[in-house]
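[1] below is the sequence, then the predicted model.
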Amino acid sequence: MRFVMKCGGSTLAALPDAFFADMAELVKQGRLPIIVHGGGPAISETLTKLGIETEFVNGLRKTNEAVLDVVEMVLAGQINKLIVRRIGHAGARAVGLSGVDAGLLTSEPVENAHEVGLVGRVTDVNAGLIDGVVEMGYVPVIAPIGLGRDGLQRYNINADTAAGAVASQLGTERLVVVTDVPGIMKTVDGEKRVLPVVTVAEIEAMIESGDIYGGMIPKVRAAIDCIQGQVREVVIVSGTEPRILSRVLDGEAVGTRIVRE
Ligand SMILES: Nc1ncnc2c1ncn2[C@@H]1O[C@H](COP(=O)(O)OP(=O)(O)O)[C@@H](O)[C@H]1O
Ligand SMILES: CC(=O)N[C@@H](CCC(=O)OP(=O)(O)O)C(=O)O
């Protein structure tokens, strides 16, 4: 059984060794992860160090070639290789790739490219490459840089969007989104609670009311796109909870499940 896991930049530094040990245990059991990772905070930090201004429009980073150089360096270099090393240290084997390698994520500009620049959406996933890597016993670790149809232009892709596209095109049952909050939260009677299940209609209402904002928006949008196809559920969880991946795969009610209706 395969599943796609998206690991957010918000939580990467906080992930304990136990998270990767749990993942390695799953691999031994034949529950095989395909990882798509982010790294927004690290990209912003390096851009600031280099004196390059950065700005987000509706959760997407305004991107030009200078920004793309840094995005690729930080995501496909630093962060991708750190995740590969941590999986290896935990006893499983991983291969780091970006969407550029073997045309893994073919992309085209997003609709509002006039506002955000070189930001892409995925039009095609090289599923054969992922299948091959998994069959050889490696965990694919994918940095969300897209490649244009011309084989040359790069695009910056939001990691939630990329993970959703990979899950959809591979037809996995589950997408597990690992982030820095225990799920989608809502204030009820003055108390903040994690919602165990939300439907597409409830998400739309929560975006409208402002209960879902910022970095949670690309996650729920990617989830909605996914569950229109073969993906049965998208689960949003915190990476710091014990044995979180095993618990999700065992069907435990943890985090927030996004289901069709
Ligand atoms: N309803 C909500 N419930 C939980 N978190 C939310 C909600 N709406 C917005 N958020 C924000 O979304 C953030 C997670 O998104 P983001 O920071 O982009 O993480 P990642 O790097 O994992 O993609 C949370 O830390 C929180 O600030
Ligand atoms: C277009 C766009 O915004 N790309 C993101 C890619 C990284 C990402 O999505 O990282 P998180 O998952 O940590 O948010 C960026 O440049 O920050």
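    All right, it came through fine. Bear in mind that the values here come from a model prediction, so they are computed numbers and not experimental data. Ligands and ions are numbered 1, 2, ... in the order given.

[2] use CA for all of it now, contacts and neighbours both
    Fine.

[3] residues of the stretch 1-150 of the chain that sit close to ligand 2?
    Counting by C-alpha under 6 Å from any ligand atom, the residues of the stretch 1-150 of the chain lying close to ligand 2 are 8-10, 38-40, 60-61, 119.

[4] in CSV, list these along with secondary structure.
    As requested, these are exported to CSV (DSSP: H, G, I helix; E, B strand; the rest coil):
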residue, secondary structure
Gly8, coil
Gly9, helix
Ser10, helix
Gly38, coil
Gly39, coil
Gly40, helix
Leu60, strand
Arg61, strand
Val119, strand
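
[5] ok, so of those, who is nearest Asp225?
    Leu60 (17.2 Å; C-alpha to C-alpha).

[6] now the helices for this protein?
    9-12, 17-28, 40-49, 65-72, 80-89, 113-116, 127-135, 159-170, 200-209, 216-227, 244-249 (DSSP state H).

[7] about what we covered before: quick check: the farthest pair among the residues of the stretch 1-150 of the chain next to ligand 2?
    Ser10 and Val119, at 20.1 Å, using C-alpha to C-alpha across those.

[8] neighbour count for these two, which is higher?
    Val119 (27 against 19; other C-alpha atoms under 10 Å).

[9] if we ignore the residues flanking it in sequence, what's nearest the more buried one?
    Asn156 (4.7 Å; C-alpha to C-alpha, 6 or more residues apart in numbering).

[10] beta-bridge partners for that neighbour, please?
    Per DSSP bridges, the residues bridged to Asn156 are Val119, Ile145.

[11] and Val234, by the same measure?
    Leu175, Ile258.

[12] next one, pLDDT for it please.
    If you check Val234, the pLDDT there is 98.

[13] quick check, it in contact with Arg260.
    No - with contacts counted by C-alpha atoms under 8 Å, Val234 stays clear of Arg260, the gap being 9.8 Å.

[14] neighbour count winner among those two?
    Comparing Val234 with Arg260 by other C-alpha under 10 Å, the one with more neighbours is Val234, at 27 against 18.

[15] how close does the more buried one sit to ligand 1?
    Separation of Val234 from ligand 1 (C-alpha to the nearest ligand atom, to the nearest Å): 14 Å.

[16] please apply the same query to Val110.
    19 Å.

[17] same question for Ser107.
    Where ligand 1 is concerned, Ser107 sits at a distance of 20 Å (C-alpha to the nearest ligand atom).

[18] could I get stretch 233-242 in PDB with only the CA atoms?
    The C-alpha coordinates for stretch 233-242 follow below in PDB (Å, rounded to 0.1, in the frame of the first residue of the first chain):
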ATOM      1  CA  GLU A 233      -9.400  11.100   2.300                       C
ATOM      2  CA  VAL A 234      -6.900  13.900   3.200                       C
ATOM      3  CA  VAL A 235      -5.800  13.900   6.800                       C
ATOM      4  CA  ILE A 236      -4.200  17.000   8.400                       C
ATOM      5  CA  VAL A 237      -2.100  16.200  11.500                       C
ATOM      6  CA  SER A 238       0.700  17.600  13.600                       C
ATOM      7  CA  GLY A 239       4.200  16.100  13.100                       C
ATOM      8  CA  THR A 240       5.100  16.200  16.800                       C
ATOM      9  CA  GLU A 241       2.300  13.800  18.000                       C
ATOM     10  CA  PRO A 242       3.700  10.300  18.800                       C
END
